[in-house]
Structures are given as structure tokens and as C-alpha cells.
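**Student:** can you look at this prediction? I've put the sequence above it.
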Amino acid sequence: MRPYRFPFAHYHLLDVSDPARVRRWLGGVAGRCTTVAGLDAPSSQALNVALSWQGLSAIGTPQASLSSFPQEFQQGMAARADRLGDVGDSAPVHWDAPFDKGVHMLVVVSAMTPADRDAASAALLSDFRDNGLTLADTIDAKLLPGPDGRPVPIEHFGYRDGITQPAIEGSGEPMLPGAGVPEADGWRALKTGEFVLGRPDETGTIPDLPSPASLAGNGSFVVLRKLHQHVFAFRDFLKRSARDEADAALLAAKMMGRWRSGAPLALAAEHDDPVLAADAMRNNQFTYLDDLRGMNCPLGAHARRLNPRSGIAGPNGSSVHRHRLLRQGLPYGSHLPADASADDGAARGAVMLLVNADIARQFEFVQKVWINDGDFAGLGNDKDPMIGGNDGSGSFTIPRSGAPRRRLTGLPAFVSTRGGEYFFLPGIAALRFLAETPS
Amino acid sequence: MGVVLKMGKVSALTAITKILPDHADALRRTLQGLTAANGGKIASLGTIHIVRWVIFDNDTRLFFATNFDGDVEDYMRDFAERAPDGIDAIWGHCEGYPGARDYPKLRDYILGSAIETTGYYCANPDVTVADTNKALDWKAKFDKFLDQIG
């Protein structure tokens, strides 16, 4: 298991109509799913298959196994809405189909070119039909085009994306500074068990697995979030809150924790530094230990909330590395032109796939405590200014040295949840195991 | 979680467990030591307002009542990982205790022995421990400032 990134993807959402045929299909597709070994060779595409708890149930997984999965996975994301802050405009009743009713299976097709992706998906679609799977929806996701039309890793709000990934032991990936756990003599990778079931985690032990081990071992949980981005509202808020264009760029950086180039405030507090941003050996190498009060990077900035490194002294300060997520994701929808004078009403945002071994401890904790609360960092009612569930009365505090803190008020939500589900990502051997399960 | 009462930002939890035969004296010494040490690692969590333990019923039962910020599960796991020995040193003297190193079992044990709160009052339910510490810090600094200009 390791993070990888393709510029084009289809997220196929499927329901099971013929359990026996679907199980057989899972066994057959096992050999085509992307494995760590497969990623060692330069690959032009990838295929991943994951099942919700409803999906595991629909293919006839025995009850004893179903009830051994964690409670939050059994309930599914919609049932956890209150805890996740998916209320109001983000409530499950407003979610896009098929998430409003639930979905059984996620099949992700990733590729380097649209042609490769479309060809792989076309072949799969007839496969689905022949194997007892009903396609509920396909989300078309891809990097947005840059000025020259070529795809660039920049999300809808205009920020460079995908800089930080947790380094994972045994992934075989080169360890970039800043990617793992900061220690006195440098950085170390996180234990595999934070992301893969059946391996030792950061406590040094192997947590209990769902049963049987042949199904759960080497598997993981994938949290899918379909997040609509209110791009015009975000730009408009910056314009209204800032004194001038340079100030708008500074506020945008303070809210994110990085300049739009990707340069971190921790290393570039006053001015953007595109050269630093482009240097993978430097652009992530910091801990916030020298900035515990948030003078450079506010404690409430999005990137600092999601990955506080060594920079929380308060509640759960020493446990930050038990709440890490492996992130993949791509934008969907079209880029809102820079000169747009109003919201065009179009659907646009990001599909996020968050991989973790323990949904409650990792994803749900991050969503509830780090994104939708401020108390963990002494920030009172402040929520994440970028993706927190603000309601028009949100606030964001920017500490300054030599001057009183600056506070932005009246924050609306710049992101609304449009769907999501908890999926189990079986290992290759588990896919074969499912195929062999008798009806 | 029905057994945890939440008012504003503060939650209240009360649990009663059975003390193992002949363990009450050791438990009493542990709790007295913890009191003398000002709570030990409890303060490091930064979310716990008050904890009270009472050995009662002729040394056969332990009463545990606490007020803390946030929801019960937000930090219980982090605390269990940070101070498992401290938790073991207390509830290790009680019947059915699974140990602090298996979080799901610990959670089920504590919540399973919790009893519903019948009445409750909190003067400042929207003020967290962090808020209090910050306010006191500011007040100290402001007093110092007034001292200096006076």
C-alpha cells in the first residue's frame, strides 16, 4: 500500500444484484487490482475495488463476519452525519445519488490519459453488466487544466495540492523530509498498521481484526467524501475580507497554512516562495515546534489542523500520529473562470479517498475534533476555515507578532458534503477468498 | 451515549465498579498518591475539569465521577494510550477490568459500568479547561502590566 497519483479517474459506484456472480467476478478481478508490487513498475493505470458494509452483506458474507466489523463501518457514513458535522446543507438527505440511499461497491479506475481511462472503464462496464453488478453512478474526476491546457495538481480554490502524504514503513517509497513522524534525529515512517489491517501500528501491537483474518488481513478502510466547493463564495469572501490583492493572497495562505504555490507558511511566513514550493526535499520539512503560538502558521489553518506534526501542546498533543490519513483524490467539475462575477451553479469539488486502518480513530476523529472544533488547540469555536462546517457565523483567528491578532468573521461553509461512504478495501488474497465463499 | 450527560461543551460521566476482595487498601493508597501528585498525567490531557473517586459500601465499590470537555470518545483513547499504567493502577483493583491497552474493551468497561446522571449543574458549561488556562494566563499578564505601569 502506498500513495500514488494518476491525473484521471472514474469512480464507479455499483449495487450488487446477483451475489454469486459478483463473488466470482471479485475472484477474477483480483489479479488485475493494483498491488504494491505492481506499482514498482511504471504503470499507466490502476484498478481498485472496495465494498461498503451493505455491499459485503449483499454478496452474502456470513453474519458472524459482518458483525465483527467496527460499528462505524457497519453503520455507514450517512448514519454518522451528526458526529461528522454533515448537517444543514451537508446533511445526507441532500446528498447526490446514489449516496443518499447507500451504495454497495466502489471501483476506481485511474490512468495517465483520458483515453486509457475511458477504454478501461468501457471494458469494465460490460463486465459489470455480465456479472450481476448495477452501475448507480460514475464520477468523472481529473486534474484541472493549467494555463497551457495540461493537467496541473491545483484544486478548485487554486491551491497546489497533494504535497503531504504520510510516509509508511515498508512502502518502498523514498522518504521525503516531513512525510512521517518528527523525531529528535529526523523523520521516521509511520507503522504500516496505521493503514493496513493485521500489521503492527504505532502502539507496536496488532489490533483485533474483523473475522475471518483471510478476509480482513492486508485490507484497509477507504473513506470516500464527495465535497462540493463553493468557489465563488470563497473568492468573494477573500475579496471582502482583504485590504488589497496582496492581502487577499496572505489571507488565503493563512487559512490554508500554505501559499497557493504550496510554499508552507512555516518556512515562508511573509512572502510566497515558489522555488521552495517546488522543492520536494524542503517544502514539507518543518514541525511547528518553533511556532507553537501560530505567528507564522495559524493554529487553525487547514493544513496545520489536518497534520499538526509536533505543533499541538494541548489535548492529545502526543497522540497526533494516531490520527493520520493517507489521502488520494481528484477534482470533479469544471474550473470556475477567474473573472466569474457570480456563482454559475455548476457542480464542482473534490472526491477524496482517505485510507486508514481505524475509521473512528483516524477519519472520524480528524473530522470531528480537528476540522469541526477549535478547543483542541485553544481556538474556542473556530472551525477549519476551508472545509469546516461553518454556517455564516464562523471565525478564523490569525495571531500576529507586534500587533493584536486579526480575526476573520462571518465565515460561511466553502465546502458542502454531497456524498460519501465507508468502504472496505480487501487485499488481493481476500478478493480470492470472497470468490470461494459458498452461497 | 445515554449514560454521558453533555451540557454546553462539558460532559459528565459517573461509573461504579466493584473492588476486588482485599484490594481496597492498595486502591486507596493509589488514589491518595494521585491526589498528592495533583492528578499525575491527567493534567497533560488538557480536557479534564474534575475527577472524583470514592471508595464506598464498606470498601467493596468504587465511585468515579468526572467532568471533561468534548464527547467521551474524543480523547478517551488518546488518554488510554498515554497513561495506560495509571488507569491500570486504579481499575486493576476492580472486577472485570480488561486493561487499558485494549481500547475497545476499556471503553466498553467504563461505559458499561456508567450510570445515568440524574441532576447536574455547571456554572460555565461553555468554558473549556483550555479556555480557563488561557484566561488565567491573560489575567496574570494583565496584572503584571498594571503593576509595571502603576
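**Tutor:** Happy to help now that I have it. Residues are numbered from 1 along each chain as shown, chains lettered A, B, ... in the order given.
**Student:** how about the nearest residue to residue 59, chain neighbours excluded?
**Tutor:** With no chain named, the answer covers chain A. Spatial nearest neighbour of A:Ile59, excluding adjacent residues (Cβ to Cβ, 6 or more residues apart in numbering or on different chains): A:Pro19 at 4.7 Å. In short, each C-beta sits where N, CA and C put it, glycine included.
**Student:** to clarify, I was referring to chain B.
**Tutor:** B:Asp59 sits nearest to B:Ala24 (Cβ to Cβ, 6+ apart), 3.6 Å away.
**Student:** how close does the residue nearest to A:Leu411 when sequence neighbours are not counted sit to chain B?
**Tutor:** Counting by Cβ to Cβ, 6+ apart, A:Gly394 is the residue found nearest to A:Leu411 once chain neighbours are left out, at 3.2 Å. Here the criterion is Cβ to the nearest Cβ, to the nearest Å. By it, A:Gly394 lies 17 Å from chain B.
**Student:** residue contacts, A:Gly394?
**Tutor:** Counting by Cβ atoms under 8 Å, 6 or more residues apart in numbering or on different chains, A:Gly394 touches A:Asp382, A:Lys383, A:Pro385, A:Gly388, A:Thr409, A:Gly410, A:Leu411, A:Pro412, A:Ala413.
**Student:** centroid-nearest residue for chain B?
**Tutor:** B:Val51 (4.0 Å; Cα atoms, centre = their mean).
**Student:** who are the contact partners of it?
**Tutor:** B:Gly39, B:Ile42, B:Phe64, B:Ala65, B:Thr66.
**Student:** and it, what are its bridge partners?
**Tutor:** For B:Val51, the beta-bridge partners are B:Thr66 (DSSP bridges).
**Student:** A:Ala9 now?
**Tutor:** Here A:Ala9, judged by DSSP bridges, has bridge partners A:Ser110, A:Ala141.
**Student:** and it, how many residues sit next to it?
**Tutor:** By other Cβ atoms under 10 Å in any protein chain shown, the residues close to A:Ala9 number 27.
**Student:** test my guess that it contacts A:Ala111.
**Tutor:** Yes - using Cβ atoms under 8 Å, A:Ala9 is in contact with A:Ala111, at 7.5 Å.
**Student:** point out the residues in chain B that sit beside chain A.
**Tutor:** B:9, B:44-47, B:69-71, B:73-75, B:77-78, B:81-82, B:101-102, B:104, B:128, B:130-131, B:134 (Cβ under 8 Å from any Cβ of the partner chain).
**Student:** can you check the pLDDT for the residue lying closest to A:Pro212 once chain neighbours are set aside?
**Tutor:** Among residues not flanking A:Pro212 along the chain, A:Ser65 sits closest, at 6.4 Å (Cβ to Cβ, 6+ apart). Reading off the confidence values, A:Ser65 has pLDDT 96.
**Student:** helices or strands up against the host helix or strand of A:Ser65?
**Tutor:** Counting by DSSP states H and E, the element that carries A:Ser65 is helix A:63-66. Packing partners of helix A:63-66 (3 or more Cβ pairs under 8 Å, 6 or more residues apart in numbering or on different chains; DSSP states H and E): helix A:53-58.
**Student:** list the buried residues of the helix it packs on.
**Tutor:** Judged by neighbour count using 16 or more other Cβ atoms under 10 Å in any protein chain shown, the buried positions of helix A:53-58 are A:Trp53, A:Gln54, A:Gly55, A:Leu56, A:Ser57, A:Ala58.
**Student:** now, which of the residues you listed sits nearest chain B?
**Tutor:** For chain B, the closest of these turns out to be A:Trp53, at 17.4 Å, with distances computed as Cβ to the nearest Cβ.
**Student:** which other residues reach the longest helix seen in chain B?
**Tutor:** In terms of residue count, the longest helix belonging to chain B (DSSP state H) is helix B:129-149. The contact list for helix B:129-149 (Cβ under 8 Å, 6+ apart) reads A:Gly314, A:Pro315, A:Asp375, A:Gly378, A:Gly380, B:Gly46, B:Thr47, B:Ile48, B:His49, B:Asp69.
**Student:** circling back: check the buried residues of helix A:53-58 one by one and keep those near chain B.
**Tutor:** Of the buried residues of helix A:53-58, not one also sits near chain B (Cβ under 8 Å from any Cβ).
**Student:** need those residues in JSON lines with pLDDT, can you?
**Tutor:** Shown next, in JSON lines, are the buried residues of helix A:53-58 (pLDDT from 0 to 100):
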{"residue": "A:Trp53", "pLDDT": "98"}
{"residue": "A:Gln54", "pLDDT": "98"}
{"residue": "A:Gly55", "pLDDT": "98"}
{"residue": "A:Leu56", "pLDDT": "97"}
{"residue": "A:Ser57", "pLDDT": "97"}
{"residue": "A:Ala58", "pLDDT": "97"}
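**Student:** okay if I get the residues you listed as TSV plus distance to A:Ser334?
**Tutor:** Formatted as TSV, the buried residues of helix A:53-58 follow (distance: Cβ to Cβ, whole Å):
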residue	distance to A:Ser334
A:Trp53	34
A:Gln54	32
A:Gly55	31
A:Leu56	36
A:Ser57	37
A:Ala58	34
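**Student:** let me know the closest of these to A:Ala430.
**Tutor:** A:Leu56 (10.8 Å; Cβ to Cβ).
**Student:** alright, calling it a day.
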